[in-house]
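Asks: predicted model, plus sequence, below.
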Amino acid sequence: MGQKIHPRGLRLGYIQDWQSRWFSPKKMPELIREDFEIRHMVTERFQMASVSWVEIERAGTFLKVAIHTARPGVVIGRKGADIENLKKDIERLTKRKVYINVSEIKVPELDPRLVGQSVAQQLEKRISFKRAIKRAMERTMGSGALGIKVMASGRLGGAEIARREWFHKGRMPLGTISADIDYGLTEALTGMGKIGIKVWIFKKLFFAKTPRELREQLQRMEAESPTEIPVMDESAAARREANPRG
């Protein structure tokens, strides 16, 4: 199950939220197209800014766009010029009042889209795909991830026949809904064609206790309800003395 479905789609409404938050049954197709154009505009304009994903929220005639990036200074630009130009272009596209917020990603090694972008940039510079992927996996595991899986597909190493290779490290419980697993897809434009890079990162597990927490909880339960020693009355003691086998 977990291998055939998008990890975020499987967990929407449970431990992960939607990247677009609005509801309009009558204008659904055109608003979906509008969201796609906004995200395409942001990613094309800030290709070197390490933009991971764009969150869009609509309320009436207002539109809120949150750009999650590892390099917020590049997105904002000098004295906020770049972000103001982007705001004007989005307002011209949507005919709405736009508010833009730039959020910094503190640990880019735990973001699968940024990890895939890093690997893609190295492949475009003709670095060995195995070396690039293994370095990225080591940095991700060193940043506190519980597991990472990377798949590279295409003409790897300049081979004439395209193939697919997997790299895995740590745990990856794709079928566990309480597991916080993020997914990203990136493409590297090399001289031999496109190379697709898929990255899964297992960050943490919700609703689960460590053995230490379980022991502490058990100790608290034992302290709150001490074991009581049963006391027999005189008649029960006399009957037991008269019939020791009973």
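Replies: Done, it's in. Numbers count the residues shown, from 1 in each chain.
Asks: identify the residues contacting residue 68.
Replies: 51-55, 103, 105 (C-beta atoms under 8 Å, 6 or more residues apart in numbering). Heads up, the C-betas are built off the backbone N, CA and C, glycines and all.
Asks: just the buried ones from those, in ChimeraX syntax?
Replies: Only the buried entries of the contacts of residue 68 go into this ChimeraX selection, using 16 or more other C-beta atoms under 10 Å:
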select :51,52,53,54,55,105
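Asks: in strands, which of the contacts of residue 68 fall?
Replies: Of the positions in those, 51-55, 103 sit in strands, assigned by DSSP state E.
Asks: can you give me the helices for this protein?
Replies: Assigned by DSSP state H, the chain shows helices spanning 7-11, 28-45, 72-76, 81-94, 112-124, 129-142, 211-224, 234-242.
Asks: what's opposite the most centrally placed residue in the chain in the beta bridge?
Replies: Closest to where the C-alpha atoms of the chain average out (C-alpha atoms, centre = their mean) is residue 182, at 2.7 Å. Taking DSSP bridges as the rule, residue 182 bridges to residue 201.
Asks: please apply the same query to residue 167.
Replies: Counting by DSSP bridges, residue 167 forms beta bridges with residue 150.
Asks: okay, now it: neighbour count?
Replies: Residues within reach of residue 167, counting by other C-beta atoms under 10 Å, total 16.
Asks: start the count at 25, not 1, going forward
Replies: Let's use 25 as the start, then, which means that last one is residue 191.
Asks: and it, how far is that from residue 137?
Replies: Here the criterion is C-beta to C-beta, to the nearest Å. By it, residue 191 lies 17 Å from residue 137.
Asks: quick one, what contacts residue 109?
Replies: Listed by C-beta under 8 Å, 6+ apart, the contact set of residue 109 reads residue 101.
Asks: re earlier: quick one: closest of the helices of the chain to residue 200.
Replies: For the helices of the chain, proximity to residue 200 was assessed by C-beta to C-beta; helix 31-35 is nearest, at 9.6 Å.
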